[in-house]
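Chemist: structure, please.
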Amino acid sequence: MVALTDRWATITKRPSPRLPPVVGDYDEAVRAFSWQTARRQLDGLPGGRGLNIAHEAVDRHAAGPRSDHDAIRWLARDGRRVTITYGELRRDSNRFAGVLRGLGVGRGDVVALLMARTPELYVAALGTWKAGAVLSPLFSAFGPEPLRMRLELASARVLVTTVALYEHKVADLRAALPALEHVLVVTDGGPVPGGIVGLQGALQDAATDFEIPPTDPDQPALLHFTSGTTGTPKGAVHVHEAVVAHHATARMALDLRPSDVFWCTADPGWVTGTSYGIIAPLTIGATLVVDEAEFDVHRWYRTLEAERVSVWYTAPTAVRMLMKAGGEVARGFDLSALRFVASVGEPLNPEGVVWGVEALGGPIHDNWWQTETGGIMIANLAGADVHPGSMGRSLPGVEAAVLRRGPHDEILRRGGDAVLADIGEEGELALRPGWPSMFRGYLHDEERYAKCFAGGWYLSGDLVTRDADGYYWFVGRGDDVIKSAGHLIGPFEVESVLLEHPAVAEAGVIGVPDATVGQVVKAFVDLKPGYEPGPEMERELRGFARSRLGAAVAPRTIAFERNLPKTKSGKIMRRLLRARELGLPEGDLSTLEAPP
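Modeler: Here you go, the predicted model:
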């Protein structure tokens, strides 16, 4: 078994021809960058009438030579392929904006989207911004209760969905949602239920011209709900000025250019699927690949090959599933067009970075951001060395720091200022406010919003370290860190080492109570096909982990479990693992804080 560090040292010596990166010299880019300059790379509405996301994403391209360039290539589940040019996308989004105007929907009104990845979703999103309304994307796999909570909190006036989703998940909720005045549904040619409007027919009757009204850059544009394991979801509010960050960070962190074919696999119901699955690539003028189907190993590789995808943005969960299928599957496809691969959603284990070179021809570049930041803040850039397991360095225009925490996990201060942690010292990742896509509040919850800031910093809640080269390394969420015999153990570190073992497909690590040391480390492991769980495998994995982590950090016990519990967005639910371990009700996770 070859150690990961040895494999990385070998493969990084291989030549990797590529285009000159958008960000070449990192230090020079940091010195030269300003958000004012980034803003001047966008057009703004004609006549100085403000800044609108849809104009920057579509109309400014459609008014020029890129009008006939493919904006979207849609791949249907049944194999159909539909291309939509920038000119066609302007026309159809104008029609949707006109439909909203006809309903009396405009500035400040919330339009919720509950749809799969179909062309109508992208038309509705862009048309909503043109009309001045606020878009609230919803994950189509949510059940009725999560949907009710979000629609109620948002006071959504309009819901755009399908007949099937409406009948199965929303119809019985209408009486409990008095603010929901209009439901527009995409049909498959069948009848439209009573009390709702067929979207296709409404679009056909709408005008193809629409003048975007004056749009203040600070006007709300997006309402993203974060998934709460306890309590109500948090509604993060973003404004039209966020498009400045979407455009700039897509260029810097994803190395994206107008000539690229770009595929973001995130569902538009989540912030990644909106910020980088709709807005960012369209502002660049790239071609966006949209696949209606869910994950399938061979379909994904066929899509990369057939569409000649050059920049691919996916998630660690998907990477691990591809790794589970084996690198030989990837080598059966022509992926020569693939220039840059990035990952987000949760930390990418070092094994995934190395596997990217071996299977895809280049490293997978991890990056970091949150719903609240609205855009990528920290990244491994195309023109810089990739450090497997690191989140990367802060982007030009983003000031990041590690803040020292006290014995009760509070931010330490000296006077009114937060205390910065030393190089290599664990602390809380913080950002200096001021970037354009920073959220402007939590809906109806000013107190919760205020708690996100201290000592002049936005507090991410993530524990990290920073090395001498400026690279950040994820330790864990504040409530995930395991405290054992005076050691602070990050679950991600243990999970990453376990994933280096050839038998391990996925791993989730938690701390369980122990009378002597406070907590001990327990790992839950899903094995790859061909490997059998049992005492012998457990001993092998424990020994493997101890040889790399030491006895104090390695798992004390290992349990084998198929299909580890995950959130709707694919993150392993450590809290649910802890609930099961402690025999607590899985629906009530509020008592699962680690002991002091």
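Chemist: now the helix or strand harbouring residue 92: average pLDDT?
Modeler: Per DSSP states H and E: residue 92 is located in helix 86-102. Confidence over helix 86-102 (mean pLDDT, whole number) is 97.
Chemist: any idea of the angle the next helix or strand after that helix forms with helix 86-102?
Modeler: Scanning forward in sequence from helix 86-102 by DSSP H and E, the next helix or strand is strand 110-114. With axes from the mean of the first three to the mean of the last three C-alpha atoms, to 10 degrees applied, the angle from strand 110-114 to helix 86-102 works out at 120 degrees.
Chemist: can you show me the CA trace of strand 110-114 as PDB?
Modeler: The C-alpha trace of strand 110-114 is given here as PDB (Å, rounded to 0.1, in the frame of the first residue of the first chain):
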ATOM      1  CA  VAL A 110     -41.000  36.300  -3.100                       C
ATOM      2  CA  VAL A 111     -41.200  33.800  -5.900                       C
ATOM      3  CA  ALA A 112     -40.400  30.300  -4.800                       C
ATOM      4  CA  LEU A 113     -39.100  27.600  -7.200                       C
ATOM      5  CA  LEU A 114     -39.800  23.900  -6.600                       C
END
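Chemist: the helix or strand just after it packs against which elements?
Modeler: Using DSSP H and E, the next helix or strand after strand 110-114 towards the C-terminus is helix 119-131. The contact analysis (3 or more C-beta pairs under 8 Å, 6 or more residues apart in numbering; DSSP states H and E) places helix 119-131 against helix 53-54, strand 70-75, strand 81-85, helix 86-102, strand 110-114, strand 134-138, strand 158-162, helix 199-205. Heads up, the C-betas are built off the backbone N, CA and C, glycines and all.
Chemist: the fourth one - contacts with which helices or strands?
Modeler: When contacts are defined as 3+ C-beta pairs under 8 Å, 6+ apart, helix 86-102 sits against helix 60-62, strand 70-75, helix 119-131, helix 199-205.
Chemist: same list, those, but as a markdown table with mean pLDDT please.
Modeler: Below are the helices and strands packed on helix 86-102 laid out as a markdown table (pLDDT from 0 to 100):
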| stretch | mean pLDDT |
| --- | --- |
| helix 60-62 | 98 |
| strand 70-75 | 98 |
| helix 119-131 | 98 |
| helix 199-205 | 91 |
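Chemist: out of those, which comes closest to residue 388?
Modeler: strand 70-75 (31.6 Å; C-beta to C-beta).
Chemist: list the buried residues for that closest one?
Modeler: Within strand 70-75, the residues that qualify as buried by neighbour count (16 or more other C-beta atoms under 10 Å) are 70-75.
Chemist: same check, this time on stretch 149-160
Modeler: 150-154, 156-160.
Chemist: thinking again about what came up before, same list (the helices and strands packed on helix 86-102) but as a markdown table, adding distance to residue 276.
Modeler: Below are the helices and strands packed on helix 86-102 laid out as a markdown table (distance: least, C-beta to C-beta, whole Å):
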| stretch | distance to residue 276 |
| --- | --- |
| helix 60-62 | 17 |
| strand 70-75 | 14 |
| helix 119-131 | 13 |
| helix 199-205 | 25 |
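Chemist: winner for burial among the ones you listed?
Modeler: Neighbour counts (mean count of other C-beta atoms under 10 Å) averaged over each of the helices and strands packed on helix 86-102 peak at helix 119-131, with a mean of 26.
Chemist: and the angle for it with strand 158-162?
Modeler: Interaxial angle of helix 119-131 relative to strand 158-162 (the same axes, to 10 degrees): 170 degrees.
Chemist: can you pull up the most central residue in the protein?
Modeler: residue 272 (3.5 Å; C-alpha atoms, centre = their mean).
Chemist: measure that one to residue 550 for me?
Modeler: As judged by C-beta to C-beta, to the nearest Å, residue 272 and residue 550 stand 35 Å apart.
Chemist: coming back round to it: doesn't the residue nearest to the centre of the chain fall inside a strand?
Modeler: No - the assignment for residue 272 (DSSP: H, G, I helix; E, B strand; the rest coil) gives helix, which keeps it out of a strand.
Chemist: quick check: the gap between it and residue 21.
Modeler: 22 Å.
Chemist: coming back round to it: pick out the most distant pair among the buried residues of strand 70-75.
Modeler: 71 and 75 (14.5 Å).
Chemist: about what we covered before: what does the helix holding residue 92 contact?
Modeler: 54, 58-59, 61-62, 66-69, 71-72, 84, 106, 111, 119, 122-124, 126-128, 130-131, 133, 158, 184, 199, 202-203, 206-210, 212, 285 (C-beta atoms under 8 Å, 6 or more residues apart in numbering).
Chemist: strands of the stretch 201-350 of the chain, residue ranges please.
Modeler: 220-226, 234-239, 261-264, 287-291, 311-314, 340-343 (DSSP state E, counting those that start in this stretch).
Chemist: please pull out the lowest mean pLDDT helix or strand from the protein.
Modeler: Scoring the helices and strands of the chain by mean pLDDT, DSSP states H and E places strand 487-489 at the bottom, with a mean of 65.
Chemist: now the element after that strand, going C-ward?
Modeler: Using DSSP H and E, the helix or strand that follows strand 487-489 in sequence is helix 491-499.
Chemist: what's that next one packed up against?
Modeler: By 3+ C-beta pairs under 8 Å, 6+ apart, helix 491-499 packs against helix 350-360, strand 472-477, strand 504-514, strand 518-527, helix 535-549.
Chemist: list the contacts of that helix.
Modeler: Outside helix 491-499, the residues touching it (C-beta under 8 Å, 6+ apart) are 320, 347, 349-352, 389, 474-476, 480-482, 504, 506-510, 521, 523, 525, 541, 544-545, 548-549, 553-555, 574.
Chemist: equivalent analysis for stretch 74-85, please.
Modeler: Contacts for stretch 74-85 (C-beta under 8 Å, 6+ apart): 67-73, 92, 117-119, 122, 289-293, 303, 307.
Chemist: recalculate using a threshold of 7 Å.
Modeler: Stretch 74-85 has contacts (C-beta atoms under 7 Å, 6 or more residues apart in numbering) with 67-73, 119, 290-293, 303.
Chemist: which two in those residues are spaced the farthest apart?
Modeler: Top of the distance list for the contacts of stretch 74-85 (C-beta to C-beta): 67 and 293, 29.3 Å.
Chemist: run a quick neighbour tally on residue 461.
Modeler: Residue 461 has 13 neighbours, counted by other C-beta atoms under 10 Å.
Chemist: same check on residue 172?
Modeler: Residue 172, neighbours per other C-beta under 10 Å, totals 11.
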